[in-house]
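K.L.:
coords below, sequence missing:
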C-alpha cells in the first residue's frame, strides 16, 4: 500500500517536471518582493524579510538563467579590492625612494633657482642700504 502511494507521488512529480518548473508564474508572483532586495529591506525603521525564502529565490533564479532569460534582481557587484597586502611602512618607503629619485633629477635647476633668489635678495638689500 505504501508502495502505491510512493509510486503515485513519483508519477505526479515526474509529470510536473515534464512540463517544467513554472518559473514564469513564480516570477510574476514574487516580482515585487524580488525588487526590494536580496535578503530583505528596511521599512519604517524595521527590517522586513522577503516573502520568498532564499532557497526558493535561488531556485527561481537558476531556472530563469537556465531558460536563457535575464535576472535583474541581483544587487550590483562592487569593485574588487585594490588594497595590497603587506606592511604599510614598506609601501611608503618605496614611494619615498621613488619621490627622492624624481626630486634629485630636478635638483640642479632647484639649486640654480635658489642661488638666483639669494643673489636678487642680496642686490635688493644693497640698493636699500645705499639709498
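P.N.:
Arrived safely. What you see is a predicted model; the values in this text were computed from it and never measured.
K.L.:
The lowest-mean-pLDDT helix or strand in the chain: what's the following helix or strand?
P.N.:
None of the helices or strands of the chain scores lower by mean pLDDT, DSSP states H and E than helix 2-19, at a mean of 64. Using DSSP states H and E, the helix or strand that directly follows helix 2-19 along the chain is helix 23-29.
K.L.:
hmm, who's touching that next one?
P.N.:
Identification of contacts with helix 23-29 by CB atoms under 8 Å, 6 or more residues apart in numbering yields 34, 56, 60, 63, 64, 67. Bear in mind the C-beta positions are built from the backbone N, C-alpha and C, glycine included.
K.L.:
Would you mind listing the residues in contact with the second one?
P.N.:
Pointing back at residue 56 there. residue 26.
K.L.:
try the last one
P.N.:
For residue 67, the set of contacting residues under the criterion of CB under 8 Å, 6+ apart consists of residue 23.
K.L.:
One more: the third one?
P.N.:
Contacts were defined as CB under 8 Å, 6+ apart; by that measure residue 60 touches 23, 26, 27, 30, 52.
K.L.:
ok, 10 Å please
P.N.:
If you count contacts by CB atoms under 10 Å, 6 or more residues apart in numbering, residue 60 has them with 21, 23, 26, 27, 29, 30, 34, 52, 71, 73.
K.L.:
swap in the fifth one?
P.N.:
With CB under 10 Å, 6+ apart as the criterion, the residues that contact residue 64 are 21, 23, 24, 26, 27, 70, 71, 72, 73.
K.L.:
Tabulate those (JSON lines), appending distance to residue 48.
P.N.:
Converted to JSON lines, those look like this (distance: CB to CB, whole Å):
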{"residue": "21", "distance to residue 48": "27"}
{"residue": "23", "distance to residue 48": "24"}
{"residue": "24", "distance to residue 48": "26"}
{"residue": "26", "distance to residue 48": "20"}
{"residue": "27", "distance to residue 48": "20"}
{"residue": "70", "distance to residue 48": "26"}
{"residue": "71", "distance to residue 48": "22"}
{"residue": "72", "distance to residue 48": "21"}
{"residue": "73", "distance to residue 48": "16"}
